[in-house]
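[1] Could you work out the structure for the sequence below:
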Amino acid sequence: MLAKFFQLSKYQNLQVEDLQRNLRAHILDGSLFGFAMSLISVNTIMPVFIQQVGGNSVAISSVPVLWWLGVNLPQALFIRLTHRGTQAKSFMLRYGLLHRLSFLAIAIFTLAASARLRSSWIVLALLVMIFLSAVSNSMASPPWFQVFTKTTPVKIRGRLIALRQILSSAFGVLGGSLVAVILATIQTPVNFAVLFALAFIFAMLSFMCLRTLREPQSKEFVPMTHGLVINARKILTTDRRIRDVIIADVLILMSMTAAAFYAVYALEKFSLPASYAGTFTMLVMSSMVLGNVVFGFLADHFGHRVNWLILAGCSAAASLMAIIASNILLYGLVFFFMACTTTLQGISRLSLLAELSAEAERPIYVAFVNTITAPAVFVGVLFGGVARWFGYASVFILAALLSAAAFFWIYFYVQEPREMARRIA
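    Now for the predicted structure:
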């Protein structure tokens, strides 16, 4: 079935048995880890968690900011740890395990601290732990992406990522229903501790799938011979294509920080209980099932630049719909468009970058681009202040304008790598 879906007969020069084994491992890993993350979604669950334990609008807006900063900002610093040789699997497993253990740590802290600390201290401690969890993810991401690109041919990556996300989204619908039940039947903050504990269990199952990957030997390796600043300067000054991608990425990241307020705003606007966060998660995940089918096809047949354009448009649509929606049914479109942005980013953000760089340089490029663009999400903290003083509508208007700017920059300046390759040929 996998051979037919991915048309593996085209890759006679590869070890088909290893390729099939690796594809199964990637699919199961993505599905299980996606289900785990649906239980503690950064966009729909964690902000509500912080609100329910006493966090204000600035604390709520800090959740995606701290997560994105933790995931991306340290990557250039950690690249020396993960880029020591041609093989990356051992580093992927080591730091991947550390990331999963952070979920268990948050669950234990939530149970232990709920009756002993003031809410302000609990909020602060949880934000720090969320950030550290994201940092551990940052350590695992470059080696994982290197293993992923080494074990999958370029022409099937779009479909593979889409299939991973389709299955994780389908399981995520079940996860959303489970979240709704747990939040409605178990008292806060114990209910959130249960969600993090379940996330840990399913994330560990995905870890077992990663262990079965067979990483091929690399033919080339580019060592980190220079420091952080020198490497960053080299990338930025010698490759205009990367600079244009970075500018577009910064604009998109700034616009997407508004997503931290979508669920919280809906709860306040329509006077809904916290258990609706599970319903929002179900809506996001079910939308991602359809989105992955469409956007995975577009990526493989037309390239990732098209998906970047759609991403910017969907980000703007989510913000505008949050403003004009007059009832909760219409507001559901906000989560549909937010799901599209998440799907598109997962399929095409790093994939476009991967096609702009050689295999040996890819971990360096991914790490530096993530590090360089990460500070853009600090605008989310500014959005928290704007929401507090001027209301959520002002935040959504600013986010829509940033999305529009991203769309025009991508349209006029970001180049499609496959079209460039055809011109050269």
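[2] What segments of the stretch 201-350 of the chain are helices?
    With helices called from DSSP state H, counting those that start in this stretch, the stretch 201-350 of the chain shows them at 228-238, 240-256, 262-269, 276-302, 304-324, 328-355.
[3] out of those, which comes closest to residue 151?
    For the helices of the stretch 201-350 of the chain, proximity to residue 151 was assessed by CB to CB; helix 328-355 is nearest, at 13.1 Å. (C-beta placed from N, C-alpha, C; glycine too.)
[4] rounded to a whole number, what's the mean pLDDT of that closest one?
    In this model, helix 328-355 has an average pLDDT of 90.
[5] what's the answer for stretch 390-401, then?
    95.
[6] next one: stretch 136-153
    The model assigns stretch 136-153 a mean pLDDT of 84.
[7] Alpha carbons only: can I get it in CSV?
    Extracted in CSV, the C-alpha atoms of stretch 136-153 (Å, rounded to 0.1, in the frame of the first residue of the first chain):
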residue,chain,number,x,y,z
SER,A,136,14.2,20.7,24.5
ASN,A,137,12.2,20.5,21.3
SER,A,138,14.7,22.9,19.7
MET,A,139,17.5,20.6,20.6
ALA,A,140,15.8,17.7,18.9
SER,A,141,14.5,19.5,15.8
PRO,A,142,17.7,19.9,13.6
PRO,A,143,18.7,16.3,13.9
TRP,A,144,15.2,15.1,13.4
PHE,A,145,14.8,17.2,10.2
GLN,A,146,18.2,15.9,9.0
VAL,A,147,17.1,12.3,9.5
PHE,A,148,13.8,13.0,7.9
THR,A,149,15.3,14.5,4.7
LYS,A,150,18.0,11.7,4.6
THR,A,151,15.4,9.0,4.8
THR,A,152,12.8,10.4,2.3
PRO,A,153,13.2,11.3,-1.4
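[8] And residue 196, how far from residue 104?
    7 Å (CB to CB, to the nearest Å).
[9] same thing with residue 136?
    Note on residue 136: its distance to residue 104, by CB to CB, is 12 Å.
[10] next one: residue 33
    Residue 33 is 15 Å from residue 104, by CB to CB.
[11] the more surrounded of those two?
    With neighbours defined as other CB atoms under 10 Å, residue 33 and residue 104 compare such that residue 33 has more, 24 against 16.
[12] and the more buried one, what does it touch?
    Counting by CB atoms under 8 Å, 6 or more residues apart in numbering, residue 33 makes contact with 168, 202-203, 206.
[13] Now the helix or strand where it lies: buried residues?
    Secondary structure assigned from DSSP states H and E places residue 33 in helix 16-38. Neighbour counts using 16 or more other CB atoms under 10 Å place 19, 21-23, 25-38 of helix 16-38 among the buried residues.
[14] and it with helix 328-355, angle?
    When axes from the mean of the first three to the mean of the last three CA atoms, to 10 degrees is applied, the directions of helix 16-38 and helix 328-355 differ by 140 degrees.
[15] Who are the packing partners of the helix or strand following helix 16-38?
    As assigned by DSSP H and E, the chain's next helix or strand after helix 16-38 is helix 46-52. Contacts defined by 3 or more CB pairs under 8 Å, 6 or more residues apart in numbering; DSSP states H and E place helix 46-52 against helix 57-72, helix 119-150, helix 262-269.
[16] Deepest-packed of the ones you listed, please.
    helix 57-72 (a mean of 23; mean count of other CB atoms under 10 Å).
[17] give me every residue that touches residue 169.
    34, 285-289, 292, 339, 343.
[18] So which one of the residues you listed is the model least confident about?
    Within the contacts of residue 169, pLDDT is lowest for residue 292, at 79.
[19] what about that residue, how many residues close to it?
    Neighbour count of residue 292, defined by other CB under 10 Å: 28.
[20] what does residue 325 give?
    Residue 325 has 18 neighbours, counted by other CB under 10 Å.
[21] Burial check on residue 386, number of neighbours?
    So residue 386, with other CB under 10 Å, has 21 neighbours.
[22] Is it correct that it is in contact with residue 399?
    No - when contacts are counted by CB atoms under 8 Å, residue 386 is not listed as touching residue 399 (10.2 Å).
[23] still on that earlier bit, which of the contacts of residue 169 has the most neighbours?
    Counting neighbours by other CB under 10 Å, residue 343 comes out on top of those with 30 neighbours.
[24] quick one: contacts for the residue nearest to that one when sequence neighbours are not counted?
    Closest residue in space to residue 343, ignoring its immediate chain neighbours: residue 291 at 4.0 Å, by CB to CB, 6 or more residues apart in numbering. By CB under 8 Å, 6+ apart, the residues touching residue 291 are 339-340, 343-344.
[25] Let's see that with 10 Å instead.
    162, 165-166, 169, 284, 310, 314, 336-337, 339-344, 346-347 (CB atoms under 10 Å, 6 or more residues apart in numbering).
[26] May I have stretch 32-46 as CSV, with CA atoms only?
    C-alpha atoms of stretch 32-46 as CSV (Å, rounded to 0.1, in the frame of the first residue of the first chain):
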residue,chain,number,x,y,z
LEU,A,32,1.1,9.6,17.7
PHE,A,33,3.1,12.7,18.5
GLY,A,34,0.4,14.9,16.8
PHE,A,35,-2.2,13.2,18.9
ALA,A,36,-0.2,13.9,22.0
MET,A,37,0.2,17.6,21.1
SER,A,38,-3.6,17.8,20.4
LEU,A,39,-4.1,17.2,24.1
ILE,A,40,-2.0,20.2,25.1
SER,A,41,-2.3,22.4,22.0
VAL,A,42,-0.3,25.5,22.1
ASN,A,43,-3.1,27.5,20.4
THR,A,44,-6.2,26.1,22.1
ILE,A,45,-5.3,24.3,25.3
MET,A,46,-2.3,26.0,26.8
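[27] so where's the stretch 1-150 of the chain shaky on pLDDT?
    1-16, 75-86 (pLDDT under 70).
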